[in-house]
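Novice: Got a predicted structure plus its sequence, pasted below:
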Amino acid sequence: MFGRAAREEDFEVAAMPHLNDLFRTAYRVIGDRSAAEDLVQEAYLQAWKSFHRFEMGTNCRAWLFKILFHVIHHHRRKWFNLALFKEGDEFLEEVLVYEEPVPQHLRDEEVLAAVGKLPQQYREVVLLADVEELAYKEIAAVLGIPVGTVMSRLSRGRKILRKELSDFAASYGIKSVQA
């Protein structure tokens, strides 16, 4: 019994402090609060089940992000397959998104919207690097891609963001600064 209690305590100490970070990232990747909660819960369940394989003293945060992105990709495949079978107006109502008119002042929402417009492969890398502050090597491990690909996607994602935000700023009369 002592072993199980120690395992529970180790999991709580190592994994639980990262719950909010995982939720925030899942929400930004998915865009749906309820789905993000479900995905994070599933990621933590998988982490708990495989915690015996985790090496204490290594980067638990990166390990949890790797599990989270595995869960997200699994669910995306499932959602995509379900979407292929939907037909008619109901499908269009679910796919079409209402876009609000441009607001009078730049807010965090606009920046987050610009991040949300990034293609998935770039958005994941930008979020992990610039929001979660993971190292290139950690991002590569989380997403299962080479470090060079991380660097390339991060560069391209940031370039798209600069363009998107400079267009948005220009609509407010803010001119971009040439370096």
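Specialist: Received it, and whenever you're ready, just let me know what you need.
Novice: for the protein, what spans make up the helices?
Specialist: All helices of the chain, identified by DSSP state H, fall at 2-15, 19-30, 33-49, 60-85, 88-95, 108-117, 120-126, 136-143, 147-170.
Novice: by contact count, what packs against the last one?
Specialist: The criterion is 3 or more Cβ pairs under 8 Å, 6 or more residues apart in numbering; DSSP states H and E, and the helices and strands that helix 147-170 contacts are helix 108-117, helix 120-126, helix 136-143. Every C-beta, even on glycine, is put in place using the N, C-alpha and C of the backbone.
Novice: Please pull out the lowest mean pLDDT helix or strand from the protein.
Specialist: The helix or strand of the chain with the poorest confidence is helix 88-95; it has a mean of 54 (mean pLDDT, DSSP states H and E).
Novice: before we move on, the earlier item: rank the helices of the chain by mean pLDDT and give me the bottom one.
Specialist: Lowest mean pLDDT within the helices of the chain: helix 88-95, at a mean of 54.
Novice: if we can go back for a sec, can you put the helices of the chain in a markdown table and add mean neighbour count?
Specialist: Formatted as a markdown table, those follow (neighbours: other Cβ atoms under 10 Å):
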| stretch | mean neighbour count |
| --- | --- |
| helix 2-15 | 12 |
| helix 19-30 | 19 |
| helix 33-49 | 17 |
| helix 60-85 | 16 |
| helix 88-95 | 9 |
| helix 108-117 | 14 |
| helix 120-126 | 20 |
| helix 136-143 | 20 |
| helix 147-170 | 16 |
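Novice: Does residue 139 touch residue 150 like I think?
Specialist: Yes - contact between residue 139 and residue 150 holds when scored by Cβ atoms under 8 Å: they sit 4.8 Å apart.
Novice: quick check: domain ranges of the chain?
Specialist: Under the assignment automatic domain parsing, the domains of the chain span 1-96, 98-174.
Novice: what sits against residue 62?
Specialist: Counting by Cβ atoms under 8 Å, 6 or more residues apart in numbering, residue 62 touches 134, 138, 141-142.
Novice: switch the cut-off to 6 Å
Specialist: For residue 62, the contact set (Cβ atoms under 6 Å, 6 or more residues apart in numbering) comprises 138, 142.
Novice: What of residue 77?
Specialist: Residue 77 touches nothing, counting by Cβ under 6 Å, 6+ apart.
Novice: before we move on, back to that, put together TSV for the helices and strands packed on helix 147-170, with distance to residue 160 on each row.
Specialist: Putting the helices and strands packed on helix 147-170 into TSV (distance: least, Cβ to Cβ, whole Å) gives the following:
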stretch	distance to residue 160
helix 108-117	8
helix 120-126	6
helix 136-143	17
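Novice: Residue 161 is nearest to which of these?
Specialist: helix 108-117 (5.7 Å; Cβ to Cβ).
Novice: Residues contacting that closest one, please?
Specialist: 161, 164-165, 168.
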